[in-house]
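**Q** Could you look at this predicted model? Sequence included:
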Amino acid sequence: MKKEDLTQEELEERIAILKRFRTLLEQQREKFQEYLIVLEKQHERIEADDTDSLEAHTALENQIVSNIRSLQKVIVPMQALYETKSGAGDSSIAQIQNDLDNLQQKVLLQNERNRQLLQSRMTELKSQINAFASSNPYRGLRSVYAERPTGSMISIEG
């Protein structure tokens with residue numbers, strides 16, 4: 001079907017699909033940008049050993065990921081509809097999709113950095129705990145009270 005053969009109704013439908021698809025992609029791009037910022041702040045909190053802020057960032061991260069998944073559930077069918085209705089791509093849509101791909105790569109890279117930093121911090125903390133436990137002078141000693149015989153039955157007669 002050529003563009004000249006389109007009726008006004010078909011043209012309006014394509015325009016509506018294009019606008020909705022573009023809006024969804026822009027929303028997803030904003031969410032990924034927000035997610036990247038949260039991951040960068042989370043990296044700073046890991047380095048600063050700020051566990052309270054780290055916990056808040058993790059909760060926020062989960063919320064953003066949930067929003068991204070919800071958007072993705074809408075985008076996939078909308079993209080299929082867009083591709084079947086319009087055939088050729090719009091350059092602005094292609095640019096937004098390229099931006100999204102770049103943001104996704106940045107998010108994955110930052111997420112991997114955070115994971116590695118957390119693993120190294122956990123290893124450091126485990127070694128500190130082990131060092132503390134081995135330097136404890138009471139380690140391995142039994143209580144002096146543990147050797148005393150004590151009653152094991154109670155008589156409840158009144």
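**A** Here it is on my side, so go on.
**Q** which helix is the longest one in the protein?
**A** With secondary structure taken from DSSP state H, the chain has its longest helix at helix 91-134.
**Q** Which elements pack onto that helix?
**A** Packing partners of helix 91-134 (3 or more Cβ pairs under 8 Å, 6 or more residues apart in numbering; DSSP states H and E): helix 8-47. Just so you know, the C-beta spots here come from the backbone N, C-alpha and C atoms, and that holds for glycine as well.
**Q** now the angle from the next helix or strand along the chain from the helix it packs on to helix 91-134?
**A** Per DSSP states H and E, the first helix or strand lying C-terminal to helix 8-47 is helix 51-86. Inter-element angle recorded for helix 51-86 and helix 91-134: 160 degrees (by axes from the mean of the first three to the mean of the last three Cα atoms, to 10 degrees).
**Q** buried ones in helix 51-86?
**A** Residues 54, 57, 61, 64, 67-68, 71, 75, 78-79, 82 are the ones in helix 51-86 that count as buried (16 or more other Cβ atoms under 10 Å).
**Q** Stretch 91-103 too?
**A** For stretch 91-103, the neighbour count (16+ other Cβ under 10 Å) marks 93, 96, 99-100, 103 as buried.
**Q** got it, and stretch 28-44?
**A** Residues of stretch 28-44 classed as buried by neighbour count (16+ other Cβ under 10 Å): 28-29, 31-32, 34-36, 38-39, 41-43.
**Q** Right, I'll leave it there.
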